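Enquirer: Sequence first, predicted coordinates after that:
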Amino acid sequence: MTSFEIRSTLGIAFIYILRMLGLFIVLPIMAIYLGELSPESNPLLIGLAFGIYGLTQGLFQIPFGLMSDYYGRKKMIIFGLLIFIIGSIFIYYSESLFMIIVGRALQGAGAISAVLLALLADLTTDSARTKSMAIIGASIGMTFGISIVVSPLLNIYLGFQNIFLLIALLSVLAIYVVIKYIPNPLKVKSSSISKASILSVVTDRTFLKLDYGIFALHASQIIMFMMIPKILNDIGYPVQYHWQVYLPVFVISMILIVPMILISMRKNMLKVFFIFNVAILILVQWLFANYSDTKQHIMMVLLLYFIAFNFLEASLPSMVSRLSPKNLKGLILGAYNTSQSLGIFVGGLLGGYIVSIFSNEAIFIVSGILLIVWLVLMLNFIFPPNKKDMVIKIKPEFFHQPQSILNKKLQILNKLNFVEETLIFPSESYIIIKTNKEKTLDEKKVLKVIGEKNAIS
């Protein structure tokens, strides 16, 4: 990865971290807090409070992603963050379970996950995409781990509603980072915008399999974490001590996942590791249903869960973005994130329903069924091949040429038969050349058009 790609990835990861806090930080405490909030609280309404965030996310991911394809990524990110802030402040002032549900719905309506991933796809080459998405996935996993560790402590020292005021303030910081530090690409496209209809794109069988995968991954996550805090309470660990279970498990899992990601990329073993980790998640459901009677058992099973979850969370969006048509990445990733959000919504409702009627073990049986279907779908899936793109650091003087000369060079560059898309960043003095999957990048031809004297690296 180049320094430009690293900086872009870290900036977007930071936005993701702040954004995902709104979902994850309340997972360990919401069920307990809402259960004590008022007499009308019941498992189904608590499940709705968990899942309504995912429902509104699902409704708005595709519109946000599609509008970002036409109106720009950064504008839609800022707009979504503003909606998220309004929802967080609404919860801060809420006085009932109903108001909290409405606030969670508003939070979810700021559906920028797909736009962030599409922007990351714009800012990175194909060879760096998996690494960048792995960093994003790791940031999500890290946010999840940090959230379940600090959430009980914040609940003690700040209180449930004050946590949402903190989230709103962090989101203001996120807007500042977007404006100040995230690059804004100018695209020069090699062909006209695809005429494929929205329906035909989002219902493509390849993308549907990946969409179901993220749906199952997050539905099972929400279902499980409606039960895991209760299991810990039942074995004698009140909520304020849950961090003692989550923290060591999470840290170890993050260390172990790094070599797995690197080997899967360098040895072209993505499919092997992918299938293996889905199978591990299925095993986790069986282990939780049968061996969750001691702290040691729970920690061992959670370690397996975090390793598999974080690997899959990193791999899935990378695969989606690499397979997406160049002019419809926002739309495709919008459909992908819609599936993720619907997984959160369905997981919350399904988990609440199961808890209210069936035994604790039923939670893990349903979660396991969702994951088994995913495993079957991925057995014959064709994973995307790697292709070589090019990031060039350009002397600032190159962009100071007369506009007519600069435009002519860029047009010539974009007509090269191996170029799929050119993105230019005048303020950062970078050019990214993205290649066709069927063609081989010819660096000499690119440098001949740009002028070797203009290229720094």
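Expert: Perfect, thanks for sending it.

Enquirer: hey, let's count contacts and neighbours off CA atoms from now on
Expert: Will do.

Enquirer: what stretches of the stretch 201-350 of the chain score poorly on pLDDT?
Expert: Counting by pLDDT under 70, the ranges of the stretch 201-350 of the chain that qualify are 201-202, 239-240, 243, 267, 325-327.

Enquirer: could you pull out the helices for it?
Expert: Using DSSP state H, counting those that start in this stretch, the helices of the stretch 201-350 of the chain run over 205-224, 228-234, 243-266, 270-290, 295-323, 329-357.

Enquirer: Out of the ones you listed, which is the most enclosed?
Expert: Ranked by mean neighbour count, the helices of the stretch 201-350 of the chain are led by helix 329-357 with a mean of 26 (mean count of other C-alpha atoms under 10 Å).

Enquirer: how about the following helix or strand past that helix: buried residues?
Expert: The helix or strand immediately downstream of helix 329-357 is helix 360-378, counting by DSSP states H and E. Going by neighbour count (16 or more other C-alpha atoms under 10 Å), the buried part of helix 360-378 is 360-361, 363-368, 370-372, 374-375, 378.

Enquirer: Just to be sure, K434 is in a strand?
Expert: Yes - checked against DSSP: H, G, I helix; E, B strand; the rest coil, K434 lies within a strand.

Enquirer: returning to that earlier point: just give me the closest of the buried residues of helix 360-378 to N337.
Expert: Closest approach between those and N337, by C-alpha to C-alpha: W374, at 16.6 Å.

Enquirer: Skipping adjacent residues, who's closest to that closest one in space?
Expert: The spatially closest residue to W374, leaving aside those adjacent along the chain, is G213, at 5.7 Å (C-alpha to C-alpha, 6 or more residues apart in numbering).

Enquirer: Mind picking the two most distant members of the buried residues of helix 360-378?
Expert: Farthest apart among these by C-alpha to C-alpha are N360 and M378. That separation is 28.7 Å.

Enquirer: returning to that earlier point: would you turn the buried residues of helix 360-378 into a markdown table with pLDDT and distance to A111?
Expert: Output for the buried residues of helix 360-378, formatted as a markdown table (pLDDT from 0 to 100; distance: C-alpha to C-alpha, whole Å):
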| residue | pLDDT | distance to A111 |
| --- | --- | --- |
| N360 | 71 | 32 |
| E361 | 78 | 33 |
| I363 | 83 | 28 |
| F364 | 86 | 29 |
| I365 | 88 | 30 |
| V366 | 87 | 27 |
| S367 | 88 | 25 |
| G368 | 90 | 28 |
| L370 | 92 | 24 |
| L371 | 93 | 25 |
| I372 | 94 | 29 |
| W374 | 93 | 25 |
| L375 | 94 | 28 |
| M378 | 90 | 27 |
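
Enquirer: Could you chop the protein up by domain?
Expert: 3-378, 390-454 (automatic domain parsing).

Enquirer: Could I get these in JSON lines, plus columns for distance to P384?
Expert: Listed next are those as JSON lines, based on distance: least, C-alpha to C-alpha, whole Å:
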{"stretch": "domain 3-378", "distance to P384": "7"}
{"stretch": "domain 390-454", "distance to P384": "10"}
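
Enquirer: tilt between the helix or strand where I101 lies and helix 329-357?
Expert: Using DSSP H and E, I101 maps to helix 97-109. Calculated by axes from the mean of the first three to the mean of the last three C-alpha atoms, to 10 degrees, helix 97-109 forms an angle of 150 degrees with helix 329-357.

Enquirer: What are the contacting residues of helix 97-109?
Expert: If you take C-alpha atoms under 8 Å, 6 or more residues apart in numbering as the criterion, helix 97-109 is touched by 22, 34, 37-38, 41, 48-49, 52-57, 59-60, 80, 83-91, 94.

Enquirer: May I see the buried residues of that helix?
Expert: Here helix 97-109 shows L97, M99, I100, I101, V102, G103, R104, A105, L106, Q107, G108, A109 as buried, counting by 16+ other C-alpha under 10 Å.

Enquirer: Grab the two from those residues that are most spread out in space.
Expert: L97 and A109 (18.7 Å).
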